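Q: Dropping the sequence and predicted coords here.
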Amino acid sequence: MANILIDLEVLYYLSKNDPPIHRYWHTYVGGITMGLVAGLLMFGVILILCRVLPAHSRWVERVTQTPNRRMLGQSLVAGLIGGVTHILLDSFMHAEMNPFWPFVEGNTLAGMISMGALHIGLAAIGFFGLIFWLLLRESSK
C-alpha cells in the first residue's frame, strides 16, 4: 500500500509530462509519511473487513483475537517498512531523486548497484521470502 501511494506522485508527474517525476514523496520524509498513512489505511480496511466478512471465518477469528492497539502498531510498522524500503531501493535506480531532502540535495546512492544486480537481488529475496512464508504456514497447521 505504501508503495502504491508513493508512486502516485510518479504517475501524476508522468501524466503532466513534468520532470523530475520523483519529488517530495520519493524522499525519506515522504516515504515515512506515506508509510504511516498506508498503515492507518490498512488498519481501517482490516476493521471494515472484520465487520463485513463472516464472523466464523478463520481470518476474522484470528484478527479479533489480536488487540486493536497491537494490530494498529503492526499496521504502522508494516507501512513504515514499505515506505522506507521503497525510497531506499528507488535511490539506487533514479539519479534525479533527492532521498535525503530537505537535509541534503542530490542522490549519492544512484548507480551504486547496477540495475541488473538490484533486480536479481530482489528476485532472490522474494523467492526466499516465499519459501519462508510457506514453511511458516506449514508449521502453524
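A: Ah, there it is.
Q: nearest spatial neighbour of L41, skipping sequence neighbours?
A: Nearest residue to L41 in three dimensions, chain neighbours excluded: M1, at 6.2 Å (C-beta to C-beta, 6 or more residues apart in numbering). Any C-beta I mention is one placed from the backbone N, CA and C, and that applies to glycine too.
Q: Do I have it right that that neighbour meets L80?
A: No - with contact defined as C-beta atoms under 8 Å, M1 does not count as touching L80 (11.7 Å).
Q: separation between the residue in the chain sticking out farthest from the centre and N98?
A: Residue farthest from the centre of the chain, counting by C-alpha atoms, centre = their mean, is H56 at 30.3 Å. Distance of H56 to N98, computed by C-beta to C-beta, to the nearest Å: 51 Å.
Q: ditto for L134
A: Between L134 and N98 the distance, using C-beta to C-beta, works out to 39 Å.
Q: Which of these two has more residues huddled nearby?
A: Remark: of L134 and N98, N98 carries more neighbours, 19 against 10, as counted by other C-beta atoms under 10 Å.
Q: Look at the nearest residue to the more buried one once chain neighbours are set aside and tell me its secondary structure.
A: Distance criterion C-beta to C-beta, 6+ apart; nearest residue to N98, sequence neighbours excluded, is E105 at 5.6 Å. Using DSSP: H, G, I helix; E, B strand; the rest coil, the structure places E105 in coil.
Q: What pLDDT is listed against E105?
A: What the model reports as pLDDT for E105 is 94.
Q: Burial check on it, number of neighbours?
A: For E105, using other C-beta under 10 Å, the count is 8.
Q: Over to it: give its phi and psi.
A: The phi/psi pair for E105 (degrees, to the nearest 10) reads phi -90, psi 150.
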